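Participant: I need the structure of the sequence given here:
(one chain, ligands or ions: 2)
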Amino acid sequence: MATLTILNYPDPRLHTVAKPVKDVNADIRRFVDDMAETMYAAPGIGLAATQVNQHIQLIVIDTSKEQNDLLVLINPKIVVKSGTQDYEEGCLSVPGVYEMVTRAEKILVEALDRSGKQFKLDAEGLLAVCIQHEMDHLLGKVFVEYLSPLKRNRIKNKMIKLSRGK
Ligand code: QAP
Ligand code: CO
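Facilitator: Ligands and ions are numbered 1, 2, ... in the order given. Modelled structure (predicted):
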């Protein structure tokens, strides 16, 4: 296994739209393992393939306290959503920044698992927020794009300054 390099906002590659996975084969399963290792090492609760510069529809999530309940979503689709909730979100691609975002409270998601089998998942609360946040990445969208242009520009400038110091 290997940890992958995470792209940092405002890297333009974070705005790439991901393509569906055609075949959940051994290469994809190896990539899922590397994604999980990268997320756990960070540590984070969610990571989209877009964030490691692989533009395919694949997400790993683990919102459990013990970090021992990996959820793999390949080609995810939200089939039903209801309600709204506000949650203070962060992102491994925007380190040190946490801001409130409004999203659906409950969602029904359809996806393939790491063996390529289709499944449905009812999610609410933090898990629902995390799935919506990660699915946005697959569409090339970062959570700071929900903020006002003023806030977003402040964050952009902060990130550029930080990356200069590396
Ligand atoms: C997305 O985010 C998420 O700023 C996953 O310095 C976050 O794993 C969905 C992280 C919150 C719902 C609620 C962020 C780690 C991890 C940082 C993450 C940082 C170190 C973020
Ligand atoms: Co993110």
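
Participant: Flag every buried residue along stretch 60-69.
Facilitator: Neighbour-count burial for stretch 60-69, with 16 or more other C-beta atoms under 10 Å as criterion, is recorded at Val60, Ile61, Asp62, Thr63. (Glycine included, C-beta is placed from N, CA and C.)

Participant: Is it correct that Leu70 is in contact with Glu37?
Facilitator: No. Contact status for Leu70 versus Glu37: not in contact, 10.5 Å apart, counting by C-beta atoms under 8 Å.

Participant: coming back round to it: now pLDDT too, for the buried residues of stretch 60-69, in a markdown table please.
Facilitator: As requested, the buried residues of stretch 60-69 are exported to a markdown table (pLDDT from 0 to 100):
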| residue | pLDDT |
| --- | --- |
| Val60 | 99 |
| Ile61 | 99 |
| Asp62 | 98 |
| Thr63 | 98 |
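
Participant: Which ones among those residues lie within strands?
Facilitator: Counting by DSSP state E, the members of the buried residues of stretch 60-69 that fall within strands are Val60, Ile61.

Participant: Helices along the chain, start to end?
Facilitator: With DSSP state H applied, the chain shows helices at 26-41, 125-138, 149-164, listed in chain order.

Participant: and those as JSON lines, adding distance to ligand 1, mean neighbour count and mean pLDDT?
Facilitator: Formatted as JSON lines, those follow (distance: least, C-beta to the nearest ligand atom, whole Å; neighbours: other C-beta atoms under 10 Å; pLDDT from 0 to 100):
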{"stretch": "helix 26-41", "distance to ligand 1": "7", "mean neighbour count": "17", "mean pLDDT": "98"}
{"stretch": "helix 125-138", "distance to ligand 1": "4", "mean neighbour count": "22", "mean pLDDT": "98"}
{"stretch": "helix 149-164", "distance to ligand 1": "11", "mean neighbour count": "13", "mean pLDDT": "97"}
